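Q: sequence first, predicted coordinates after that:
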Amino acid sequence: MQITWKRTKIGGDELRHDFCAHVDGNITIARIYRTTDADNQDVWSVNMQVGSAATDTCLTRLDAIQMVEHRLAHFLTTEAGKRDPQEWPHDQRTMELRSMRQHNPGEYAILVGELRSGRIERIPRRK
């Protein structure tokens, strides 16, 4: 399965040192971005959005990319990973909501209101 990397956009702005990994055209499986750790050292944060939706850090961007590739390969061997990729977005949308709540609380409040009113369809619960 081919991974496509694109710069992360929040509020229409492309973020520096921040990338999302996509498969199947539009399914976000991970986000990597450069940040500073407690020792004031630059590190790359890796946030997987499929599978166990794990978060980890690496010292280089290449290490972060390889971690995403490795975790995707592992995920594809699981029952969930063998399903149609269009069924994966449950984890992805959960992560997107968490990110939106943190980075854009106004938009998050609007989305939650639309979900509650039924104007936006909810994702069916996992069985």
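A: Structure received. Numbering: from 1, shown residues only.
Q: for the protein, just list every one of the strands.
A: Secondary structure of the chain, counting by DSSP state E: strands at 4-10, 13-23, 27-36, 42-48, 55-58.
Q: including mean neighbour count and mean pLDDT, could those go into TSV?
A: For every residue, glycine as well, the C-beta is placed using N, CA and C. Shown next, in TSV, are the strands of the chain (neighbours: other Cβ atoms under 10 Å; pLDDT from 0 to 100):
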stretch	mean neighbour count	mean pLDDT
strand 4-10	13	90
strand 13-23	16	91
strand 27-36	19	91
strand 42-48	19	93
strand 55-58	14	90
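Q: closest one to residue 110 among these?
A: Proximity of these to residue 110 was assessed by Cβ to Cβ; the nearest stretch is strand 4-10, lying at 15.4 Å.
Q: now render the strands of the chain as a markdown table, adding distance to residue 107.
A: Supplementary listing: those in a markdown table, determined by distance: least, Cβ to Cβ, whole Å:
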| stretch | distance to residue 107 |
| --- | --- |
| strand 4-10 | 10 |
| strand 13-23 | 14 |
| strand 27-36 | 17 |
| strand 42-48 | 19 |
| strand 55-58 | 22 |
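Q: which one of those lies nearest to residue 108?
A: strand 4-10 (12.2 Å).
Q: each with direction, which strands does that closest one pair with?
A: Strand 4-10 has its sheet partners listed here by DSSP bridges as strand 13-23 (antiparallel).
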